[in-house]
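Student: structure for this input, please:
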Amino acid sequence: MFRRVSARLGYAFRGVFVAFRLDQSFVEHMICAILVIIAAIVLRVNLIEGCLLALCIMAVVAAEMFNTAIEQLAKAVHPEQSPLVGTSLDIAAGGVLIASLGAALVGTVIFGYRLGIMLEWWPPSLIHPDVLAIVVGGE
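Tutor: Model prediction:
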């Protein structure tokens, strides 16, 4: 059983390394991910914000890997130009775009909020303490 798991993990890690070699966009997304992690550390994001950022990073990287896999499969199955294959590749690229835009939106909100706190544009809690006490305390 564990031999199968280790083999599957080996295939998965091989896939990550192959994606690095084959796709420049994958490398670019990984560089952006590193920059996001650095910004998260500098801006001192909390646990929930960090988890949201990590989820966004993983979603974009996974979308890029699916896109790369579809591109490689398309080249193997249909090496010459085909409108149907082209449409499929466009849809896969669109998926990466949607994941990237969603991640950028989440990052902008989190980093904008954290930057505002650092620059003292607003207090650490945008919710007024009285409102927070009513919501949390049930008054």
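Student: and Leu73, how far is that from Ser100?
Tutor: 22 Å (Cβ to Cβ, to the nearest Å). C-beta: built from backbone N, CA, C; applies to glycine.
Student: more crowded one of these two?
Tutor: Regarding Leu73 and Ser100, a neighbour count based on other Cβ atoms under 10 Å identifies Ser100 as having more, with 18 against 12.
Student: quick check: closest non-adjacent residue to the more buried one.
Tutor: In space, and not counting its chain neighbours, Ser100 is closest to Val60: 5.4 Å by Cβ to Cβ, 6 or more residues apart in numbering.
Student: quick one: pLDDT of the one you found?
Tutor: Val60 is assigned 96 on the pLDDT scale.
Student: hmm, it is touching Leu97, no?
Tutor: No: using Cβ atoms under 8 Å, Val60 is not in contact with Leu97; the gap is 10.0 Å.
Student: which one of the two has more residues nearby?
Tutor: Comparing Val60 with Leu97 by other Cβ under 10 Å, the one with more neighbours is Val60, at 24 against 13.
Student: wait, what's in contact with the more buried one?
Tutor: When contacts are counted by Cβ atoms under 8 Å, 6 or more residues apart in numbering, Val60 touches 29, 32-33, 96, 99-100, 103.
Student: now do Ile98
Tutor: Going by Cβ under 8 Å, 6+ apart, Ile98 touches Ala63.
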